[in-house]
Structure formats: structure tokens, C-alpha cells
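Peer 1: Generate a structure from the sequence data that follows.
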Amino acid sequence: MPVELKIAALGAVLLLVHIFAAVHLKTRQYGTKWNMGARDEAQPPLNPVAGRLARAQANFQETFPIAVVALLGVVIAGRTSAWTAIGGWVWLGARLIYLPLYAFGVPGWRTLAFAVSLTGLALVLSPLLFG
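Peer 2: Alright, predicted model coming up:
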């Protein structure tokens, strides 16, 4: 099995971590009734950490489809290489580091982790775009 598929699967696990971390803190703030309800009513703003985790989740959900297209794309096109594997691991590692940096409110390092993740994605996408 190509390593890029494993990286995509681990990215899906990381998405679950984002979702559960954000919802856990939202539930702590809004209560179990909110969690199990329809969530139709307006809620007060989230506390800072819960808000950061919700934004980190949204950011990951915005960029994860790009990673999936890149990782699956190189596998489907038969364009996997050591560079696409390295790029995938760089993307996943940077995204793994990004979550706690965002949760703890470390803006400069968080932005650097995001930029490194984009560099990893560029390594994976390059054979599809320029190969």
C-alpha cells in the first residue's frame, strides 16, 4: 500500500481529533443538553480555548480536502515518490503540531506550522501539476 494512503487515513484520524476536541470544550461550556439537542438556539461566544479549537477545526476542514486530493491523486496517477511521501509526512506532522499551538494561543509558531504544512502539500501536488 502506498504510504500516501496511510497519510491520508491518519489525516482523517486527525480530523476526528479536531472535531472531538472542539465539541468536548463546547459541551463543557454549553452543556450536555446543547450537545444532544438540535442546536437551533443562539449561544453566547465560546470561551477563548474552545473558540480557538473550533477555528482550528474549521481551518483543518478547509485544507484537508486539498490534502486528500493531492495524496490520492498521486496514488491514482501512479506519481508517488520519495518526495510525495516526504511531503505527506511534512503536511501531517505540521498539522499535528498546529492543533496544540492554536489551542494554546501561540500565533507566530502556529502560522509557521501552517506554512510548513502548505510546503508539504506543495511537494505532494507538484508531480500532479508539473509532472
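Peer 1: Now for residue 92: which residues touch it?
Peer 2: Applying C-beta atoms under 8 Å, 6 or more residues apart in numbering to residue 92 gives the contacts 7, 10-11, 14, 120. C-beta here means a position set from N, CA and C on the backbone, and glycine is covered the same way.
Peer 1: hmm, which of those residues are the buried ones?
Peer 2: Neighbour counting by 16 or more other C-beta atoms under 10 Å classes 7, 11, 14, 120 among these as buried.
Peer 1: Would you point out the most distant pair within those residues?
Peer 2: The largest distance within the buried ones among the contacts of residue 92, taken as C-beta to C-beta, falls between 14 and 120 and amounts to 13.4 Å.
Peer 1: pLDDT score assigned to residue 41?
Peer 2: Reported pLDDT at residue 41 in the predicted model: 84.
Peer 1: how about it, phi and psi?
Peer 2: phi -80, psi 150 (degrees, to the nearest 10).
Peer 1: now do residue 80
Peer 2: Backbone torsions of residue 80, given as degrees, to the nearest 10, read phi -70, psi 150.
Peer 1: and the helix or strand hosting residue 116, average pLDDT?
Peer 2: Using DSSP states H and E, residue 116 falls within helix 107-130. For helix 107-130, mean pLDDT is 97.
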